[in-house]
Structure formats: structure tokens, C-alpha cells
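In: no sequence on hand, only this structure:
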């Protein structure tokens, strides 16, 4: 598979495809736009314009001139100064997503880099070069430390993984031209690239939440007068037509189709508890928050976030703040809150299922360890902590010139943890449901294809949870 970058904006799904190994090529019109964008930079150099990062230094030294003879040294120092990241390295998928997102930014025409530099990023991706990129250090006023680690390898330095070992970057270096030392850094490409990978996980997690609800409905309905389907009725959804809610209710109804819960005249309680009958509203909020994140990522991939912005149409280089990705950061904050709600409701349904399993534990007929519920409770406690806002925690940097930042990378990484914990809780719910369903092997189920084999081996609870996550999110 080859992703061809032209004038059309890239999509989050294409970011995922490249992260998973797809190759990249540049269309002729993209190369032409790169050349036009670079011509704007060269014209500014010829005129002697005062431009941030081109003829003037960076940060607190933004008004100090750069001598023309010192440009090559300045580009190297810019990269070296931004290699301040720490922590565990990003995965290869995350690095590829980040590098591709920066390449996408180049070909939008706002960066002013040469076609040769864009081609070097294409080569990095197509040759499966894996730079060592520390996971922490960027504050979301452009993902500076992440992008510097990739750019250093493109420039012939940095570090890379080769057969699992870390070695010095050994690629044929490309010497950065004036302005390119800043241009390779001036974007939120880690938050966008890894954000697209998170988006895929979120979409699957929202689907998993609907599947867990369906399993719980049938499991509880086998052993109690619960499992009323009225909350999932299309008329109820039409009365409050939030897209995610409608989607969730429809998915749950589809999963239960043909099962015993849908039989006319089945006796049920007038109303189930809120964690059950408002599941479409709860899971729907996660579907909606995920859709908002997708929309935000699509905007970022279609945008020109560089500072200064190279405006090809007017021929100007304009200082601005499009690198301040607050909307994206807030979308990442929102999904964490939505995940916490979904997992909290799931843990409450686990409590119901665990209570129904209690007599069978006493007789030795239940298979799932009872304290798996405790693991779900601990995960929910962590999720509530992770849901706290982090994007307001920035401090003043670079002589207090950079006195606000979105902290989108931190919001992203906390969202990644939140997805993991939520999936664990949903899996534990599904395992409880499977345990109850297994006690009634002759039951007519809508979820039969999902539940069969879900509880084959519980000798290792963690392994059972991982297997359940894979089943629920496939």
C-alpha cells in the first residue's frame, strides 16, 4: 500500500496506515507547492526581512539577528538545543505516525522547506528507519522534543533502533537550509500522529462498551428479572437524537437480536438500574467524544501550523500561533472524561453480575475469580484521577516569552492510559457475563458468537482479560 500525498489533506486513517507500514510518495503537485513555498523563504532572505527563525534567533533571543555566514551552524544548534526529551522511547508505530504527520505539514505549503527535505522524510518512512524518540519533553506549543529527535536522524545525527539495539544515526545527512531548523519542529505532529492511533483505539473501545452492555443484559436476564430492552427502543433514541446515543442503542439492539430478551411478553422489572438503562447515553457520549477528536485531527491534518507561516499566495512569512493546539488538547481531555463515565458504569454492572455469581461461587460452579471485580474497581479509581484536566498546567518558558502551552502531548498520553484501563474494565464485565451465561448453556442468545470461548481459560486472570479485550475490540 502506498499513501500518495498531493494537495488533498491527509486523513487520520492514512496516518494509521503509514504507522502500520504503508509506504509514502509525493505527487507532482505536492513537490511543486513545496518549491513555491521555499521560493517565498528565499525571497525573504534576498530582501533581508526580519523573520523569526530565519534572520532572527528563537525564543527569548527572538530579536537578535543571525549572521548569514552563521546560518549552517545555527540550524545545527537549533536541532541540538531541542533534543531535550526524556523517558521511554515511542513505539515504532508512534514514530512513523509522527514523522508522517510532519511530512503532511510540509506538503501543505506553510513550512517553506525544500522538496529535498520532504523527500528525506519520505525516505525515512519507506526505508523503515526507526529513530529513538523520547516520549516526554514536549509541552504542546509545537511538539518540539519529539520532532527534534526525528529531524536529527534526517540530518545524519540522532539515534536509531537497529534490530532492537540503539545505535548512532548513520543515514546520509541532509544539511538543513536557512529556516529549516525551525520548520522541522514547528508543528504538533506527535499529538496529531499518535492522536490518530489513539482515535482508532477509542473507536474500538466505544464498540467494545456496547458489546459488554449486550453481554451483561443477557447474563443478568438469565438469572434475574432484569434486561428490559425498552431503553434501547428506536422511539426513545429519536426523542433525544444525539448521534452517539443512537449509534450505541442500535448496536446493542443488533447484538441482542434473536436472543431470549427480545421475546414478546417476557417478564422484567419496570426499570433496570441507571448503569444499564442509560447505557446508550453513557456509551454514546464516548462515541460522540471520539467523533469530535476525529474532526479535530482532520482539521489539524488539513492545516498549516507553522510559525512563521509561509503564505504562498501573498509571498509573505507571517508570525502566528497556529501551533497552539488547544482545541485538539481539549478533545483529548474530553475523551478521558467520557472513558471514565463508561468504565464507572461498567464497574457498577460488574457489581450486579458479581452478586448474581455469588451463590455459584459458593458451590464452586463459577469460574472467574471474584476479586477480578476489585481489579476493575482499582482501574476505575485510576480513571477518575486520569480524567482531571491537565491542559491548564503550563508554566512560562524561554525567558517567559513562551508563557502558555496546550500540553496536548500529556493530554494524549493520559488518554492512552485511560483507554487501557477502560478496556480492562469492559473485559472484566464481559468475563463476568460469560461466567453467568455459561451456567445456562441452552439459553438462546443474541450474543452467542461473542460469548462462546470468552471464558475458556481463567487460570491466569490477566491473560483472560487480555484475550477478552482482543475479542471485544476486534
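Out: Ah, there it is. The structure displayed is predicted, hence computed values, not measured ones.
In: how about the contacts made by the residue lying closest to residue 143 once chain neighbours are set aside?
Out: Of all residues not flanking residue 143 in the chain, residue 190 sits nearest, at 3.9 Å (C-beta to C-beta, 6 or more residues apart in numbering). (Glycine included, C-beta is placed from N, CA and C.) Residues near residue 190 by C-beta atoms under 8 Å, 6 or more residues apart in numbering: 90, 94, 98, 101, 133, 138, 143, 146, 147, 409, 412.
In: in the stretch 351-474 of the chain, where is pLDDT below threshold?
Out: Along the stretch 351-474 of the chain, the model assigns pLDDT under 70 to residues 399-401, 403.
In: how close does the nearest residue to residue 404 once chain neighbours are set aside sit to residue 326?
Out: Nearest residue to residue 404, sequence neighbours excluded (C-beta to C-beta, 6+ apart): residue 394, at 5.7 Å. Distance of residue 394 to residue 326, given as C-beta to C-beta, to the nearest Å: 11 Å.
In: quick check: neighbours shared by these two?
Out: Shared contacts of residue 394 and residue 326, defined by C-beta under 8 Å, 6+ apart, comprise residue 406.
In: if we can go back for a sec, compare the contacts of residue 190 and tell me which has the most neighbours.
Out: residue 146 (33 neighbours; other C-beta atoms under 10 Å).
In: tell me the mean pLDDT for the helix or strand hosting that one?
Out: Using DSSP states H and E, residue 146 falls within helix 144-154. Mean pLDDT, helix 144-154: 97.
In: low pLDDT regions in this protein?
Out: Using pLDDT under 70, the chain drops low at 170, 399-401, 403.
In: domain map for it?
Out: 2-187, 193-473 (automatic domain parsing).
In: start and end of the first one, how far apart?
Out: What that stands for is domain 2-187. Start-to-end span of domain 2-187 (C-alpha to C-alpha, to the nearest Å) is 24 Å.
In: the longest one now?
Out: For domain 193-473, the first-to-last residue distance is 21 Å (C-alpha to C-alpha).
In: check contacts around the nearest residue to residue 221 once chain neighbours are set aside.
Out: Once flanking residues are discounted, residue 221 sits nearest to residue 227: 2.9 Å by C-beta to C-beta, 6+ apart. By C-beta under 8 Å, 6+ apart, the contact set of residue 227 is 217, 218, 220, 221, 261, 268, 272.
In: inside helices: which ones of those?
Out: Cross-referencing the contacts of residue 227 against helices under DSSP state H gives 217, 218, 220, 221.
In: need the buried ones from those residues selected in PyMOL.
Out: To isolate the buried members of the ones in helices among the contacts of residue 227 in PyMOL, using 16 or more other C-beta atoms under 10 Å:
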select buried, resi 217+218+220+221
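In: could you redo the ones in helices among the contacts of residue 227 as TSV and give each row distance to residue 459?
Out: Compiled in TSV, these are given as follows (distance: C-beta to C-beta, whole Å):
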residue	distance to residue 459
217	28
218	25
220	26
221	29
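In: of all pairs in the ones in helices among the contacts of residue 227, which one is the farthest apart?
Out: 218 and 220 (7.6 Å; C-beta to C-beta).
In: next one: residue 231 from residue 277, what distance?
Out: Distance, residue 231 to residue 277, by C-beta to C-beta: 4 Å.
In: for residue 142, same thing?
Out: Counting by C-beta to C-beta, the gap from residue 142 to residue 277 is 46 Å.
In: of the two, which one has the most company?
Out: Taking other C-beta under 10 Å, residue 142 and residue 277 do not tie; residue 142 has more neighbours (29 against 18).
In: spatially nearest residue to that one, not counting backbone neighbours?
Out: Of all residues not flanking residue 142 in the chain, residue 323 sits nearest, at 4.3 Å (C-beta to C-beta, 6+ apart).
In: from memory the one you found sits against residue 187, does it?
Out: Yes - using C-beta atoms under 8 Å, residue 323 is in contact with residue 187, at 6.6 Å.
In: so residue 25: helix, strand or coil?
Out: Following DSSP: H, G, I helix; E, B strand; the rest coil, we place residue 25 in the strand state.
In: burial count for the nearest residue to residue 302 once chain neighbours are set aside?
Out: Among residues not flanking residue 302 along the chain, residue 9 sits closest, at 3.6 Å (C-beta to C-beta, 6+ apart). Neighbours of residue 9 under the rule other C-beta under 10 Å: 16.
In: hang on, residue 9 in a strand?
Out: No - per three-state DSSP, residue 9 lies outside any strand segment and is coil.
In: please report the distance of it from residue 198.
Out: 19 Å.
In: surely residue 172 touches residue 156?
Out: Yes - counting by C-beta under 8 Å, residue 172 touches residue 156, with 6.8 Å between them.
In: more neighbours, these two?
Out: Higher neighbour count among residue 172 and residue 156: residue 156, with 15 against 7, using other C-beta under 10 Å.
In: residue contacts, the more buried one?
Out: Counting by C-beta under 8 Å, 6+ apart, residue 156 has contacts 169, 170, 171, 172, 173, 174.
In: quick one: contacts for the residue nearest to residue 142?
Out: If a contact means C-beta under 8 Å, 6+ apart, then residue 323 has 141, 142, 186, 187, 188, 305, 306, 307 as its contacts.
In: nearest to residue 315 among those?
Out: Checking these against residue 315 by C-beta to C-beta gives residue 306 as the nearest, at 15.4 Å.
In: for that closest one, grab phi and psi.
Out: phi -70, psi 150 (degrees, to the nearest 10).
In: pretty sure it contacts residue 106?
Out: No - counting by C-beta under 8 Å, residue 306 sits too far from residue 106 to count as a contact (9.1 Å).
In: where do the contact lists of those two overlap?
Out: By C-beta under 8 Å, 6+ apart, residue 306 and residue 106 have these common neighbours: residue 183.
In: wait, residue 98 touches residue 187, no?
Out: No - counting by C-beta under 8 Å, residue 98 stays clear of residue 187, with 9.6 Å between them.
In: what do those two both touch?
Out: Counting by C-beta under 8 Å, 6+ apart, the contacts common to residue 98 and residue 187 are 143, 147.
In: how many neighbours does residue 441 have?
Out: Neighbour tally, residue 441, other C-beta under 10 Å: 6.
In: what do you get for residue 15?
Out: Residues lying near residue 15 (other C-beta under 10 Å) number 29.
In: wait, is it part of a helix?
Out: Yes - Residue 15: assigned to a helix according to three-state DSSP.
In: show me the residues around it that make contact.
Out: Residue 15 sits next to 97, 100, 101, 104, 192, 193, 196, 197, 301 when contact means C-beta under 8 Å, 6+ apart.
In: mind checking which helix or strand the closest residue to residue 232 other than its chain neighbours is in?
Out: Once flanking residues are discounted, residue 232 sits nearest to residue 249: 4.5 Å by C-beta to C-beta, 6+ apart. Per DSSP H and E: residue 249 is located in helix 243-256.
In: so for that helix, what gets flagged as buried?
Out: 244, 245, 246, 247, 248, 249, 251, 252, 253, 255, 256.
In: so how far is residue 230 from the closest residue to the third one other than its chain neighbours?
Out: In this structure, residue 246 finds its nearest non-sequential neighbour in residue 237, 4.7 Å apart by C-beta to C-beta, 6+ apart. With the distance defined as C-beta to C-beta, residue 237 ends up 11 Å from residue 230.
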